[in-house]
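Undergrad: Got a sequence here, can you model it:
(2 chains)
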Amino acid sequence: MSVSIKDVEYVAKLARLEFSEKEKVKFTEELNSILKYVEKLSEVDTSGVEPAIGAYPMYNALREDEISPSLDREEILKNAPDKQDGYFKVPKVID
Amino acid sequence: MHKKTVHEIRDLLRRKEISSVELTKIALERINSIDDRLGAFISVYGEQALEAAKDVDRKIASGEELPDLAGIPTALKDNMNMKGTKTTCASRMLENFVSPYDAGVTERLKENGAVIIGKTNMDEFAMGSSNETSYFKKVRNPYDLERVPGGSSGGSAAAVASGEVYYSLGSDTGGSIRQPAAMCGVVGLKPTYGRVSRYGLVAFASSLDQIGPFTKDVEDCAIVLNAISGKDERDSTSADVKVEDFTKYLNRDIRGMRIGMPVEFFGEGISEDVRKIIIDAVEVFKSQGAEVKEISLPMSRYALEVYYILASSEASSNLARFDGIRYGYRAESYSDAVDIYTKSRSQGFGDEVKRRIMLGTYALSAGYYDAYYKKALQIRTLIINEFKEAYKNVDIILSPTSPTTAFKLGEKINDPLSMYLSDIYTVPVNIAGIPAISIPAGLSNGLPVGLQLMGNYFEEGTLLKAAHAFERATEHHRIRPSI
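TA: I've put the predicted structure just below:
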């Protein structure tokens, strides 16, 4: 499989990234060389093999549903690029 | 003083031959005098460290019995949170991010009286094998300033090798502790997945990431592992496995220990000088009474490909949180909410991070999921099974840590694939989730070579036992760079 500049534009949109025309060419080449490299995986017969969920069998980590302190709102908002009245502030998204 | 180990410093503190404040000042002076050349630190918190040191000195003066790490200067890779200080991940995206809480490991170190002196440089978001992708500056190898320290925890490795601090913590997703440990001539351990809490570690690839120590020798490694291991309710993948006193594995006999050498880890791509040093190391184990045999791990030949699919896919998902809204970099001009995401991410992330997000997004996108992501997970199962099978016949598996010694700055940065190959012997370990240690095995042309020992799940003790036996028979761990 190989990717075109159009594919790179599509994937970039999914990933919320944008590139200059020059970067698009570079990323297309690099992605193609990495994809060519990982193509080796198709040699392996994986019919009937379960996909690994993690490094070793793990189980749901359950706990009692108890109220416990969470991080302080003001403390969290200190890192926000824009805020107002205890909220994160964003441009209008609905007209 | 800066050439000493943690256990030597601990003994000096206990005998009151030096105070923690004196040690902290020595460390700060050392950083001040060499770090403009080395580039290992992103932030240094001198005053805060001196306060912590004074606190320990007061306790020592009052005759309190203190943990091994009390009063000893250390550093954290800059992807671990420490309340009230910056956690940048060496990215423009988090240049001004201030941690609102302590990571699990930070808490543990503080409980142990550690003096945390600063945060170390790294590849951006831990993506890289040379420390050249840091947004701020490059880290240089203390053995040769024209060479890379390895990565991604290059700052943590260089800081310990050069004696800026006595030990440090790094994170290892595909070799990011072991490979720089090898290239900087120090001991680096990646514990079993789940052994150490990942709470407060900025996630790269959640099913592969694990925190571990950099130290000058194996005894120090056991001491630091004691302090940071154990279940943490806030990391649902942290394992509820009893934490032993790992120092009990030191000074033990290894007669009859079965060591496997996988042929796949000695093939194409390994440089001749590295091979020779590793073969010499094998003789040391044999002379200690270990049984060394050749084994085969054929699925490990696919590990690097599996790694790049899985790590990039997980990264593309984990890094989706950087949206320019809640924290992190926000572009100055934008037209609407989606444009905030797109512009902030495009300006905030560097090329290697974008490359992995792109690869991961592609691998997870409709139509390609089965061919890439699912396929990689299936081969992950085969790799796990192969290791499990191997440990029926051997106690540990031995290999080089990296196929070459430290390469020159700039040598591989424009060729992603050749850079990725420097992790070829370390990634199978993360895919399987087993523990592995890199220990100094000698110098070649003045550059350190690392020996990797891989153990069965939760058998860090066996690794420490073998590594310490090697150390007792050799002098490689006493070598220090001249910087």
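
Undergrad: can you count the residues close to B:Ala90?
TA: 33 (other CB atoms under 10 Å in any protein chain shown). C-beta coordinates here come from the backbone N, C-alpha and C atoms, glycine included.

Undergrad: Excluding chain neighbours, what is closest to it?
TA: Leaving out its chain neighbours, the residue that sits closest to B:Ala90 by CB to CB, 6 or more residues apart in numbering or on different chains is B:Ser134, at 3.9 Å.

Undergrad: Over to B:Leu12. Which of the three states is it?
TA: helix (DSSP: H, G, I helix; E, B strand; the rest coil).

Undergrad: ok, so what distance separates the nearest residue to it once chain neighbours are set aside from B:Glu411?
TA: Nearest-residue entry for B:Leu12: B:Ile18, 4.8 Å, with adjacent residues in sequence omitted and distances by CB to CB, 6+ apart. Distance, B:Ile18 to B:Glu411, by CB to CB, to the nearest Å: 41 Å.

Undergrad: cool, B:Val98 as well?
TA: From B:Val98 to B:Glu411 the distance is 36 Å (CB to CB).

Undergrad: For chain B, what is the nearest residue in chain A?
TA: Among all residues of chain A, A:Ala55 sits closest to chain B, at 2.2 Å; criterion: CB to the nearest CB.

Undergrad: burial of that residue, as a residue count?
TA: By other CB under 10 Å, the residues close to A:Ala55 number 22.

Undergrad: which element is it on?
TA: Assigned by DSSP states H and E, A:Ala55 belongs to no helix or strand.

Undergrad: related to what we said a few turns ago, what does the pLDDT read for the residue nearest to B:Leu12?
TA: At B:Ile18, the model reports a pLDDT of 97.

Undergrad: same check, this time on A:Pro91
TA: pLDDT at A:Pro91 comes out at 88.

Undergrad: which residue sits closest to B:Ile483 in space, ignoring its chain neighbours?
TA: B:Pro142 (4.8 Å).

Undergrad: tell me, how many neighbours does the one you found end up with?
TA: By other CB under 10 Å, the residues close to B:Pro142 number 30.

Undergrad: returning to what we had before: go ahead and confirm the residue of chain A closest to chain B touches B:Ala432.
TA: Yes: A:Ala55 is in contact with B:Ala432 according to CB atoms under 8 Å; the separation is 6.4 Å.

Undergrad: From B:Arg30, how far out is the most centrally placed residue in chain A?
TA: With distances taken as CA atoms, centre = their mean, A:Ala15 lies nearest the centre of chain A, 7.0 Å away. As judged by CB to CB, A:Ala15 and B:Arg30 stand 42 Å apart.

Undergrad: repeat for B:Asn251
TA: 31 Å.

Undergrad: the more surrounded of these two?
TA: B:Arg30 (20 against 11).

Undergrad: Which positions in the helix or strand the more buried one falls within come out as buried?
TA: For B:Arg30, the element it lies in under DSSP H and E is helix B:20-38. Neighbour counts over helix B:20-38 (16 or more other CB atoms under 10 Å in any protein chain shown) mark B:20-25, B:27-28, B:30-31, B:34-35, B:38 as buried.

Undergrad: Pipe those residues into TSV and attach distance to B:Phe204 per row.
TA: What follows is the buried residues of helix B:20-38, written out as TSV (distance: CB to CB, whole Å):
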residue	distance to B:Phe204
B:Ser20	33
B:Val21	36
B:Glu22	37
B:Leu23	32
B:Thr24	31
B:Lys25	35
B:Ala27	28
B:Leu28	30
B:Arg30	30
B:Ile31	26
B:Ile34	29
B:Asp35	25
B:Leu38	24
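
Undergrad: Nearest to B:Ser418 among these?
TA: B:Leu38 (24.9 Å; CB to CB).

Undergrad: tell me the contacts of that closest one?
TA: By CB atoms under 8 Å, 6 or more residues apart in numbering or on different chains, B:Leu38 lies in contact with B:139-140, B:142, B:145, B:158-159, B:162, B:164, B:483.

Undergrad: Low-confidence regions, the stretch 101-250 of chain B specifically.
TA: Within the stretch 101-250 of chain B, no range satisfies pLDDT under 70.

Undergrad: which stretches of it form helices?
TA: With DSSP state H, counting those that start in this stretch, the ranges of helices along the stretch 101-250 of chain B come out as B:104-111, B:154-161, B:178-184, B:218-228.

Undergrad: Likewise for chain A?
TA: Taking DSSP state H as the criterion, chain A carries its helices at A:5-14, A:21-38, A:73-77.

Undergrad: what about the residue nearest to B:Ile483, distance to chain A?
TA: 31 Å (CB to the nearest CB, to the nearest Å).

Undergrad: Next, the contact list for B:Lys83, please.
TA: Going by CB under 8 Å, 6+ apart, B:Lys83 touches B:99-102, B:106.

Undergrad: Does it fall in a helix, a strand, or a coil region?
TA: Assignment for B:Lys83 (three-state DSSP): coil.

Undergrad: Just give the nearest non-adjacent residue to it, would you?
TA: Of all residues not flanking B:Lys83 in the chain, B:Asp102 sits nearest, at 4.8 Å (CB to CB, 6+ apart).

Undergrad: And B:Glu219, by the same measure?
TA: Nearest residue to B:Glu219, sequence neighbours excluded (CB to CB, 6+ apart): B:His7, at 5.2 Å.

Undergrad: B:Ile223 is in contact with that neighbour, correct?
TA: Yes: because the distance of 6.5 Å satisfies CB under 8 Å, B:His7 is recorded as touching B:Ile223.

Undergrad: Please say which of the two ends up with more neighbours.
TA: Comparing B:His7 with B:Ile223 by other CB under 10 Å, the one with more neighbours is B:Ile223, at 26 against 20.

Undergrad: Next one: the more buried one relative to B:Ser229, how far apart?
TA: 11 Å.

Undergrad: Common neighbours of these two, please.
TA: Residues touching both B:Ile223 and B:Ser229 (CB under 8 Å, 6+ apart) are B:Phe246.

Undergrad: my guess is the residue nearest to the centre of chain A meets B:Leu359, correct?
TA: No: A:Ala15 is beyond contact range of B:Leu359, at 10.0 Å (criterion: CB under 8 Å).

Undergrad: check which helix or strand covers B:Leu398.
TA: strand B:396-400.

Undergrad: in its sheet, what does that strand sit against?
TA: Within its sheet, strand B:396-400 is paired with strand B:258-262 (parallel), strand B:447-455 (antiparallel), according to DSSP bridges.

Undergrad: which helices and strands does the next helix-or-strand element following the last one pack with?
TA: What that stands for is strand B:447-455. Downstream of strand B:447-455, the next assigned helix or strand under DSSP H and E is helix B:460-473. Helix B:460-473 sits against strand B:187-190, helix B:218-228, helix B:272-287, strand B:396-400, strand B:436-444, strand B:447-455, with contacts defined as 3 or more CB pairs under 8 Å, 6 or more residues apart in numbering or on different chains; DSSP states H and E.

Undergrad: Could you identify which of the contacts of B:Leu38 has the most neighbours?
TA: Ranked by the number of neighbours (other CB under 10 Å), these place B:Ala159 first, at 38 neighbours.

Undergrad: does that residue really touch B:Tyr167, like I thought?
TA: No: B:Ala159 is beyond contact range of B:Tyr167, at 9.2 Å (criterion: CB under 8 Å).

Undergrad: pLDDT on stretch B:75-86, on average?
TA: Mean predicted lDDT for stretch B:75-86 stands at 98.

Undergrad: Strands of chain B, residue ranges please.
TA: B:41-44, B:73-77, B:115-120, B:167-172, B:187-190, B:210-215, B:258-262, B:291-295, B:396-400, B:436-444, B:447-455 (DSSP state E).
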